[in-house]
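Colleague: Return atomic coordinates for the entry below.
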Amino acid sequence: LDCAKGESESCQIIFLQLDKIAGKTGKEYKIVQTPLVSESGNELTETEIGIVGYIPVKSPSIAGFNEINNYPDAVIPKNTFSIEYKKSQSVFYTVYVPRDTVEGRYTCTLDLYENDVFAYSIPVNVNVYKTTLPVTPFLITRFNEHDRYDSDFYDEQLTKEDILEQDIYYMERFRINTACEQVSWENVFYRDENGVLQANWEILDSQIEERMAYGINFFDVPLDVNYDILEPENEVLRKECEEQLVLINQHLVEKDWTDLFYWYNFDEPTNKKIPKFIEITEWGKKYAPDIKSLTTLGWATPGKFRKLAGIVDVWVPHIDQYETKFFPSRQAQGDRIWIYTCMQTFYTHYPDSWKIDTYGTCHRSLGWWMYKYNIEGYLYWAISCWWHSNPWEDAETFELANGDGSLLYPPLDGKGWPYNSMRLHTQRDGFEDYDFLKMLEIASKYEGVYTAEELEEIEKILSVEEVIPRKGAYTKDDSLIVNLHKRILELLDKSL
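Modeller: Below is the predicted model of the structure:
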């Protein structure tokens, strides 16, 4: 594995059972890691071993492998397993490199035991580079949650401290922001003795600053209004919202946080709703001119979304709705361009994060795609939506979509944290690659660092042509991306 500081890297180890007796008797296997130590005696301790759970796909994805089968995805935090005869088992190994790690080569072994008797060792080499991932990612992300705390899957409710710990973990280890709605706006607004709306920002500000320190770079403005907010019967609610918008706008300007907060109030407005959407957004901007409006654009808004020019500040088209002329033209006007993915890619070969029954490069290439098209942010609608089906029993957690909305799995014992998916790990690698590409782009402008041949090589890497040959395609060769990742780290180290 090749790692920068602040980076996570993972690999699969596949065991195939060819011992007929062992397969029939249920022989238990165990993986134990020896200390991961460098030649100078430094140790990496933040490693994880997981047994991969196989998830049944009953309705194959149209743009996937098109085969009913059980697919590896859930990473179960344990190190013991058994394998039936002529079956295989994937073991998932992950290393996280803290930012204060001393660079160098770290080695250990993963020792396999059969019924507690040592069998053999698998050598592990981790090369830690001088390059360090920034705490705050270049890519802005917003990941929703749904059933992560659902009583149908959990015996225990998580505390606020647990939720904060998880938000920090997902940002640090996966470069994703699950904290966009996890700050408390309760008791911020109150009316003084004269009936004037006031705000106490102390608790909210401390929560925001705490999360920013861990790299979280997006928060929601909490006002949730419907398309009827401007109707006469909603006058009281509207005036309350107007007063709150004024105070929020004023505070964000004072704190210089206007690039952190977004008003994401309407999802995928239909063509029919565009006039009302414009009216309400203009109403909001009247009272909060410095707060950026954000909206997603999917199948329901073909063509007519151009009418939102000058209204929307952050455009979030679905990846296959991205237009290579219109959206860069809006960026040139100062707007920001994100993308999102969901089941709308079920018939396409665009990279996404959800298809269980397709190539892993589909998920990793997502970061490379966004770099190629100068995308600034990524929105994903749910990481733990299990209401359509139990993900352990059926991968179709959203209609027509195997894995959409479920990058996590409920714990089998109903306790503790949800289990991560292999897709989440692979998407993480793509998001890390996005940051490395941004860093390499910056480094390439330094004078006297690279030779002419290296600058030519860097230009080719930054074109991303090998990984994303065209807008609706990605490479199926994961060794290509792995080797490019290593080469980028080597080039970045030279700039230091």
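Colleague: Specify the beta-bridge partners of the residue nearest to Ile291 when sequence neighbours are not counted.
Modeller: Excluding the flanking residues, the one nearest Ile291 by C-beta to C-beta, 6 or more residues apart in numbering is Trp263, at 5.3 Å. C-beta: built from backbone N, CA, C; applies to glycine. Beta-bridge pairing of Trp263, defined through DSSP bridges, involves Ser293.
Colleague: Trp263 reaches Lys292, doesn't it?
Modeller: Yes - the criterion here is C-beta atoms under 8 Å, and Trp263 meets it with Lys292 at 7.0 Å.
Colleague: Distance of the residue sitting furthest away from the middle of the chain relative to Val95?
Modeller: In terms of distance from the mean C-alpha position of the chain, Asn194 ranks first, at 46.2 Å (C-alpha atoms, centre = their mean). For Asn194, the distance to Val95 equals 59 Å [C-beta to C-beta, to the nearest Å].
Colleague: list the buried ones in whichever strand in the chain runs longest?
Modeller: Longest among the strand segments of the chain by residue count, using DSSP state E, is strand 117-132. Buried residues in strand 117-132, counted by 16 or more other C-beta atoms under 10 Å: Val124, Val126, Val128, Tyr129, Thr131, Thr132.
Colleague: Kindly report the same for stretch 14-31.
Modeller: The neighbour-count check on stretch 14-31 (16+ other C-beta under 10 Å) flags Gln17, Ala22, Gly23, Tyr29, Lys30, Ile31 as buried.
Colleague: repeat for stretch 247-264
Modeller: For stretch 247-264, burial by neighbour count (16+ other C-beta under 10 Å) applies to Leu247, Ile248, Asn249, His251, Leu252, Trp257, Leu260, Phe261, Tyr262, Trp263, Tyr264.
Colleague: How far away from the center of its chain is it?
Modeller: Remark: stretch 247-264 is offset 24 Å from the chain centroid, using C-alpha atoms, centre = their mean, to the nearest Å.
Colleague: Need the contact partners of that stretch.
Modeller: Residues from elsewhere that reach stretch 247-264 (C-beta atoms under 8 Å, 6 or more residues apart in numbering): 142, 189, 197-199, 201, 205, 208, 212, 217-221, 223, 284, 287-295, 313-314.
Colleague: cool, and stretch 331-341?
Modeller: Here stretch 331-341 makes contact (C-beta under 8 Å, 6+ apart) with 140, 292, 294, 296, 309, 312-319, 322, 327-328, 330, 350-354, 366, 370, 374-381.
Colleague: Mind doing that once more with 7 Å?
Modeller: Under the criterion C-beta atoms under 7 Å, 6 or more residues apart in numbering, residues 296, 313-319, 322, 327, 330, 352-354, 370, 374-380 lie in contact with stretch 331-341.
Colleague: do the same with stretch 288-299
Modeller: Contacts for stretch 288-299 (C-beta under 7 Å, 6+ apart): 221, 245-246, 248-249, 252-253, 258, 261-264, 266-269, 281, 284, 305, 311-318, 321, 340, 344, 379.
Colleague: Could you give the average pLDDT over that stretch?
Modeller: Rounded to a whole number, the mean pLDDT of stretch 288-299 is 93.
Colleague: First-to-last residue distance for it?
Modeller: This stretch, stretch 288-299, spans 29 Å end to end (C-alpha to C-alpha, to the nearest Å).
Colleague: How far away from the center of its chain is that stretch?
Modeller: Relative to the mean C-alpha coordinate of its chain, stretch 288-299 is positioned 20 Å out (C-alpha atoms, centre = their mean).
Colleague: before we move on, the earlier item: in helices, which of the buried residues of stretch 247-264 fall?
Modeller: Applying DSSP state H to those, the entries found in helices are Leu247, Ile248, Asn249, His251, Leu252.
Colleague: Dump those residues to a markdown table, plus pLDDT and distance to Asn42.
Modeller: Output for these, formatted as a markdown table (pLDDT from 0 to 100; distance: C-beta to C-beta, whole Å):
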| residue | pLDDT | distance to Asn42 |
| --- | --- | --- |
| Leu247 | 97 | 50 |
| Ile248 | 97 | 47 |
| Asn249 | 97 | 49 |
| His251 | 97 | 45 |
| Leu252 | 97 | 43 |
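Colleague: how about these, which pair is most distant?
Modeller: The span of these, defined through C-beta to C-beta, is set by Leu247 and Leu252 at 9.7 Å.
Colleague: just the strands in the stretch 51-200 of the chain please.
Modeller: Along the stretch 51-200 of the chain, the segments classed as strands by DSSP state E, counting those that start in this stretch run 69-76, 80-81, 88-96, 104-114, 117-132, 140-143, 189-191, 197-199.
Colleague: Same check on the stretch 351-496 of the chain?
Modeller: Assigned by DSSP E, counting those that start in this stretch, the strands in the stretch 351-496 of the chain fall at 377-380, 408-409, 419-420.
Colleague: Dump these to a markdown table, plus mean neighbour count.
Modeller: As requested, the strands of the stretch 351-496 of the chain are exported to a markdown table (neighbours: other C-beta atoms under 10 Å):
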| stretch | mean neighbour count |
| --- | --- |
| strand 377-380 | 24 |
| strand 408-409 | 24 |
| strand 419-420 | 24 |
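Colleague: Redo those as JSON lines? Include distance to Tyr446 and mean pLDDT.
Modeller: Shown next, in JSON lines, are the strands of the stretch 351-496 of the chain (distance: least, C-beta to C-beta, whole Å; pLDDT from 0 to 100):
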{"stretch": "strand 377-380", "distance to Tyr446": "27", "mean pLDDT": "97"}
{"stretch": "strand 408-409", "distance to Tyr446": "40", "mean pLDDT": "94"}
{"stretch": "strand 419-420", "distance to Tyr446": "37", "mean pLDDT": "96"}
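Colleague: Which one, of those, ends up nearest to Gly430?
Modeller: Evaluated over the strands of the stretch 351-496 of the chain, closeness to Gly430 peaks at strand 377-380, with 9.9 Å, by C-beta to C-beta.
Colleague: Pull the residues that contact the closest one.
Modeller: The contact list for strand 377-380, computed with C-beta under 7 Å, 6+ apart, reads 139-144, 296, 316, 336, 338-340, 353, 370.
Colleague: Phi, psi for the residue most central in space within the chain please.
Modeller: With distances taken as C-alpha atoms, centre = their mean, the residue of the chain nearest its centroid is Ile176 (4.1 Å). Note on Ile176: backbone dihedrals following degrees, to the nearest 10 are phi -120, psi 150.
Colleague: Of the ones in helices among the buried residues of stretch 247-264, which is the nearest to Leu36?
Modeller: Ranked by distance to Leu36 (C-beta to C-beta), these are led by Leu252 at 43.9 Å.
Colleague: So which residues make contact with the worst-scoring helix or strand of the chain on mean pLDDT?
Modeller: Among the helical and strand segments of the chain, the one scoring lowest on mean pLDDT, DSSP states H and E is helix 160-174, with a mean of 90. By C-beta under 7 Å, 6+ apart, the list of residues contacting helix 160-174 from outside reads 8, 96, 176-179, 182, 211, 214-216, 417, 424, 428.
Colleague: Enumerate the beta-bridge partners assigned to Phe81.
Modeller: Where Phe81 sits in a bridge, its partners, by DSSP bridges, are Tyr29.
Colleague: And the pLDDT for it?
Modeller: 96.
Colleague: Can you name the residues that contact it?
Modeller: For Phe81, the contact set (C-beta under 7 Å, 6+ apart) comprises Tyr29, Ile51, Gln89.
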